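Q: Structure here, sequence nowhere to be found:
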(Lines give C-alpha, C1' and ligand atoms only; values in the text may rest on other atoms or scores of the structure.)
Protein backbone atom coordinates (compact mmCIF):
# COMPACT_ATOMS: atom_id res chain seq x y z
CA UNK A 1 0.00 0.00 0.00
CA UNK A 2 1.21 3.53 -0.68
CA UNK A 3 0.09 7.15 -0.49
CA UNK A 4 -0.44 9.84 -3.10
CA UNK A 5 0.90 13.37 -2.53
CA UNK A 6 -2.29 15.39 -2.98
CA UNK A 7 -1.67 18.77 -1.32
CA UNK A 8 1.13 21.01 -0.19
CA UNK A 9 0.27 23.48 2.58
CA UNK A 10 2.22 26.71 2.77
CA UNK A 11 1.76 28.89 5.83
CA UNK A 12 1.76 32.56 4.85
CA UNK A 13 0.70 36.09 5.79
CA UNK A 14 -1.13 36.92 2.58
CA UNK A 15 -2.93 33.97 0.96
CA UNK A 16 -4.52 36.25 -1.66
CA UNK A 17 -1.19 37.57 -2.92
CA UNK A 18 0.60 34.23 -2.87
CA UNK A 19 -2.25 32.33 -4.52
CA UNK A 20 -2.30 34.86 -7.39
CA UNK A 21 1.52 34.69 -7.73
CA UNK A 22 1.65 30.88 -7.76
CA UNK A 23 -1.37 30.58 -10.10
CA UNK A 24 0.56 32.70 -12.62
CA UNK A 25 3.80 30.79 -12.07
CA UNK A 26 2.27 27.31 -12.37
CA UNK A 27 -0.74 27.93 -14.63
CA UNK A 28 -3.00 26.87 -11.74
CA UNK A 29 -6.48 28.15 -10.87
CA UNK A 30 -8.18 28.82 -7.56
CA UNK A 31 -10.03 25.69 -6.51
CA UNK A 32 -11.60 26.80 -3.26
CA UNK A 33 -11.50 28.73 -0.03
CA UNK A 34 -11.89 27.70 3.57
CA UNK A 35 -12.03 30.81 5.75
CA UNK A 36 -8.83 32.73 4.97
CA UNK A 37 -7.11 29.73 3.36
CA UNK A 38 -7.00 29.39 -0.44
CA UNK A 39 -6.40 26.20 -2.43
CA UNK A 40 -5.01 26.35 -5.96
CA UNK A 41 -4.29 23.60 -8.43
CA UNK A 42 -4.61 22.39 -11.99
CA UNK A 43 -7.93 23.01 -13.72
CA UNK A 44 -8.65 19.27 -13.40
CA UNK A 45 -8.90 19.86 -9.63
CA UNK A 46 -7.94 17.99 -6.52
CA UNK A 47 -6.72 14.39 -6.66
CA UNK A 48 -4.94 14.39 -10.02
CA UNK A 49 -1.29 13.66 -10.71
CA UNK A 50 -0.16 17.15 -9.62
CA UNK A 51 -0.65 18.22 -6.00
CA UNK A 52 -2.71 21.25 -5.11
CA UNK A 53 -1.30 24.01 -2.90
CA UNK A 54 -3.13 25.43 0.11
CA UNK A 55 -2.06 28.87 1.32
CA UNK A 56 -2.88 28.88 5.04
CA UNK A 57 -3.01 32.17 6.91
CA UNK A 58 -0.67 32.35 9.93
CA UNK A 59 0.47 35.30 12.03
CA UNK A 60 4.05 34.13 12.69
CA UNK A 61 6.74 35.61 10.46
CA UNK A 62 9.07 33.32 8.53
CA UNK A 63 12.43 33.44 10.33
CA UNK A 64 14.46 30.72 8.59
CA UNK A 65 14.73 29.12 5.16
CA UNK A 66 12.06 26.55 4.41
CA UNK A 67 13.06 22.95 5.08
CA UNK A 68 11.16 22.00 1.91
CA UNK A 69 11.24 24.01 -1.27
CA UNK A 70 9.77 23.66 -4.76
CA UNK A 71 11.87 22.95 -7.86
CA UNK A 72 10.35 24.26 -11.09
CA UNK A 73 11.14 23.35 -14.69
CA UNK A 74 10.24 25.52 -17.68
CA UNK A 75 7.71 23.93 -20.05
CA UNK A 76 7.39 26.29 -23.01
CA UNK A 77 10.57 28.40 -22.97
CA UNK A 78 14.18 28.20 -21.94
CA UNK A 79 15.48 28.84 -18.45
CA UNK A 80 16.57 32.43 -19.14
CA UNK A 81 13.18 33.44 -20.55
CA UNK A 82 11.39 31.72 -17.66
CA UNK A 83 13.65 33.50 -15.17
CA UNK A 84 12.67 36.84 -16.72
CA UNK A 85 8.98 35.88 -16.49
CA UNK A 86 9.23 34.84 -12.83
CA UNK A 87 11.07 38.02 -11.89
CA UNK A 88 8.41 40.09 -13.66
CA UNK A 89 5.72 38.27 -11.64
CA UNK A 90 7.38 39.29 -8.37
CA UNK A 91 9.97 36.60 -7.63
CA UNK A 92 13.39 37.79 -6.55
CA UNK A 93 16.84 36.21 -6.39
CA UNK A 94 17.60 34.47 -3.08
CA UNK A 95 20.94 33.57 -1.54
CA UNK A 96 20.99 30.24 0.27
CA UNK A 97 24.74 29.75 -0.01
CA UNK A 98 25.04 28.81 -3.65
CA UNK A 99 28.47 29.05 -5.31
CA UNK A 100 27.43 30.69 -8.59
CA UNK A 101 28.35 27.57 -10.54
CA UNK A 102 24.90 25.95 -10.23
CA UNK A 103 22.78 25.23 -13.28
CA UNK A 104 19.68 26.45 -11.42
CA UNK A 105 18.50 29.77 -10.01
CA UNK A 106 17.38 30.15 -6.40
CA UNK A 107 14.46 32.54 -6.11
CA UNK A 108 11.98 33.65 -3.47
CA UNK A 109 8.28 34.30 -3.86
CA UNK A 110 6.81 37.63 -2.64
CA UNK A 111 6.82 36.40 0.99
CA UNK A 112 10.39 35.09 0.84
CA UNK A 113 9.68 31.36 0.36
CA UNK A 114 12.58 29.88 -1.58
CA UNK A 115 12.20 27.86 -4.77
CA UNK A 116 14.53 26.83 -7.58
CA UNK A 117 14.23 27.26 -11.32
CA UNK A 118 15.94 24.32 -12.98
CA UNK A 119 17.41 24.26 -16.48
CA UNK A 120 15.71 21.23 -18.01
CA UNK A 121 12.59 21.97 -20.03
CA UNK A 122 9.74 19.55 -19.46
CA UNK A 123 6.70 18.94 -21.63
CA UNK A 124 3.39 20.26 -20.32
CA UNK A 125 1.23 17.39 -19.08
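A: On my side now, so go ahead. The structure presented is a predicted model; accordingly, all values stated were derived computationally and were not measured.
Q: and residue 28, how far is that from residue 59?
A: Between residue 28 and residue 59 the distance is 25 Å, computed by C-beta to C-beta, to the nearest Å. Just so you know, the C-beta spots here come from the backbone N, C-alpha and C atoms, and that holds for glycine as well.
Q: who's more crowded, these two?
A: Neighbour comparison, residue 28 and residue 59: the larger count goes to residue 28, with 18 against 6 (by other C-beta atoms under 10 Å).
Q: For whichever strand or helix holds residue 21, name the packing helices and strands.
A: Secondary structure from DSSP states H and E places residue 21 in helix 15-26. Using 3 or more C-beta pairs under 8 Å, 6 or more residues apart in numbering; DSSP states H and E, the elements in contact with helix 15-26 are strand 29-34, strand 37-41, strand 52-57, helix 79-89.
Q: Check these for me and report the most buried one.
A: Burial of these is given as mean neighbour count (mean count of other C-beta atoms under 10 Å); strand 37-41 ranks first at a mean of 21.
Q: Now do it against helix 15-26, angle only.
A: Using axes from the mean of the first three to the mean of the last three C-alpha atoms, to 10 degrees, the direction of strand 37-41 lies 10 degrees away from that of helix 15-26.
Q: And strand 37-41, how far out from the chain middle?
A: How far strand 37-41 lies from its chain's middle: 12 Å, per C-alpha atoms, centre = their mean, to the nearest Å.
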